[in-house]
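1. what's the 3D shape of this:
(2 chains)
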There are 2 protein chains.
Amino acid sequence: MSALTVITAVAELRRLLDERRKRGETIGLVPTMGALHEGHLSLVRAACDECACAVVSVYVNPTQFAPHEDFQRYPRNLDYDLQLLKPVGNVLVFAPTDAEMYPAGFQTTVEVTKLGLGWEGELRPMHFRGVATVVLKLFTAADADYAYFGQKDYQQLRVVEQMARDLNLRTVIRACPIARDPDGLAMSSRNRYLTSEERTRGLALSRALEIVGEMTARGETNSAELEAALRDVLASAGLKSDYAVVVDRETLQPMAQLTRPAVALVAARVGKTRLIDNMLLDAKHLVV
Amino acid sequence: MSALTVITAVAELRRLLDERRKRGETIGLVPTMGALHEGHLSLVRAACDECACAVVSVYVNPTQFAPHEDFQRYPRNLDYDLQLLKPVGNVLVFAPTDAEMYPAGFQTTVEVTKLGLGWEGELRPMHFRGVATVVLKLFTAADADYAYFGQKDYQQLRVVEQMARDLNLRTVIRACPIARDPDGLAMSSRNRYLTSEERTRGLALSRALEIVGEMTARGETNSAELEAALRDVLASAGLKSDYAVVVDRETLQPMAQLTRPAVALVAARVGKTRLIDNMLLDAKHLVV
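-> Modelled structure (predicted):
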């Protein structure tokens, strides 16, 4: 176990990575907001497996939170995050300040217009603009060969993939599977907000997805049927869903029948905490 | 005089430039919309002087034109542009198609929110969003060390400078002086739209700027006085200005007194053609 290098300035990160690049090292970036859990660590392991140099950014980005959201109480504990990272590998940690990321006069925004509109984007209107902007800044700072994102935030993943394609970014996006607790709950930094009773009710999200996954595998291709099943499971746990939909996996647009690869997206509020989860749906008979 | 290499695909440009970079060559980018004139060529010369490898992009970007503007009739003649470039140096020409720059599904936009709002931005609401987006795409495609922009489009220059700073781009922006015809008219691809009579009237823009430049050098620091002088000269040539202002050189915000470095910006319609011009103002006594 070696000590981790923590970098706080873009210029310093760039200088260090330029050296690594000159030595022929491949660079992998794992953007996080800290409050690390096993889901993040699986991304860091993927980066360490594929790249000689793994960079983990730890930055709670203010521009992706709305004024009423949990920016202030979002869990921050860099020392604890570093303890979790140490056993994983010899990573570089980039933990910039707000002044470093958004200096006085900052005014540039990046927006992925269609993919960022619905679902989370409808409930959190400025969210994906904040995400796209900060991710682009992290990409340009690290100039990474690969960047690792969890599939848990599926719409975010699609927004980032589309941005990378549209802007000719040389960074290749790696989508990594959702990490789940043994009971099925998708791991999230926000799970620590849940009381034990809320946590039990929150299991309805993954259970609902499991059920439509099985329905699809058995041959159900009607989105309305699948969406009704999602809502039934959530309702039976007393959860009101923000959305529970089956949509095109690329465009996130509704599809009446599963004639193309699909994804089921669910979001629900449990107490004061919003949970989201999703599952890729592969209709058995589907000709892709 | 050697033959110029014309590249049409981002991937091919990237491959070629990666090779040059590996050989230790510095890369300079000159973004243009073609219809080259001596102003562009001065940028290309600056790039050739500073960089081992100069890339000139020739692309009439549709997203920076409003529906009623001159996108369709904007002059396009790549062969003629190549003839002008040949004597300047052994440059790479990047001339992509619309499908290469904006493939199906393209949906990402970049916006410099404050600097892009007023002046040209007020008259051409989507203009700077289109400019910022295409310039960022050219920057990521070429990954240039330096990019050369004419000061003639002063607000565009500031938008690009701010974007580069905000997004941590490693490309350094070089601002180059306005190229003028012997009679003072700022060179522009759109000057070829002018009739001989319109061209004569259009000289009022540079004449107005010369006059406020002299007033400032003599000690005038009141913006209202300077702006009145600008409007007087334009009006006496029968031109109605879209704007004729003295503003902060960095923020482009109005300033009552020239207590900071300023720039005079003018825009006027001559017949069907819009002309813009500007001049940096340095008050003699100004403590910077």
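2. residue numbers of chain A in contact with chain B?
-> Residues of chain A lying close to chain B (Cβ under 8 Å from any Cβ of the partner chain) are A:10, A:14, A:105-115, A:132, A:136-137, A:140-141, A:143, A:162-163, A:166-170, A:251. Just so you know, the C-beta spots here come from the backbone N, C-alpha and C atoms, and that holds for glycine as well.
3. spatially central, which residue of chain A would that be?
-> Nearest residue to the geometric centre of chain A (Cα atoms, centre = their mean): A:Asp153, 3.6 Å.
4. show the model's pLDDT score for that one.
-> Looking at A:Asp153, its pLDDT is 97.
5. just give the closest residue to it, not the sequence neighbours.
-> With sequence-adjacent residues excluded and distances taken as Cβ to Cβ, 6 or more residues apart in numbering or on different chains, A:Asp153 is closest to A:Ile276, at 7.2 Å.
6. show me where the stretch 51-200 of chain A has strands.
-> Applying DSSP state E, counting those that start in this stretch to the stretch 51-200 of chain A gives strands spanning A:53-58, A:92-94, A:108-112, A:146-150, A:172-176.
7. list the contacts of the longest helix seen in chain A.
-> In chain A, taking DSSP state H as the definition, the longest helix is helix A:196-217. The contact list for helix A:196-217 (Cβ atoms under 8 Å, 6 or more residues apart in numbering or on different chains) reads A:180, A:183-186, A:191, A:194, A:220, A:225-226, A:229-230, A:232-234, A:236-239, A:244, A:246, A:258, A:262, A:264, A:266, A:268, A:270-271, A:273, A:275-279, A:281-284.
8. show me what contacts the closest residue to A:Pro125 other than its chain neighbours?
-> Of all residues not flanking A:Pro125 in the chain, A:Ala66 sits nearest, at 7.4 Å (Cβ to Cβ, 6+ apart). Residues in contact with A:Ala66 (Cβ under 8 Å, 6+ apart) are A:124-127.
9. just to check, A:Ile173 is in contact with A:Glu161?
-> Yes - between A:Ile173 and A:Glu161 there is a contact under Cβ atoms under 8 Å: 5.0 Å.
10. out of the residues of chain A next to chain B, which are buried?
-> With burial judged by 16 or more other Cβ atoms under 10 Å in any protein chain shown, the buried subset of the residues of chain A next to chain B is A:10, A:14, A:106-112, A:114-115, A:132, A:136-137, A:140-141, A:143, A:162-163, A:166-169.
11. mind listing which of the residues you listed are in helices?
-> Among these, the ones falling in helices (DSSP H) are A:10, A:14, A:132, A:136-137, A:140-141, A:162-163, A:166.
12. how many neighbours does A:Leu209 have?
-> By other Cβ atoms under 10 Å in any protein chain shown, the residues close to A:Leu209 number 26.
13. ok, now A:Ala11?
-> 11.
14. cool, and A:Thr97?
-> Close neighbours of A:Thr97, defined as other Cβ under 10 Å, add up to 11.
15. next helix or strand past the host helix or strand of A:Leu16?
-> A:Leu16 belongs to helix A:10-22 when assigned by DSSP states H and E. Stepping forward along the backbone from helix A:10-22, the first helix or strand reached (DSSP H and E) is strand A:27-32.
16. show me what that next one packs onto, helices and strands only.
-> Secondary-structure packing of strand A:27-32 (3 or more Cβ pairs under 8 Å, 6 or more residues apart in numbering or on different chains; DSSP states H and E): helix A:10-22, helix A:38-50, strand A:53-58, helix A:127-142, strand A:146-150.
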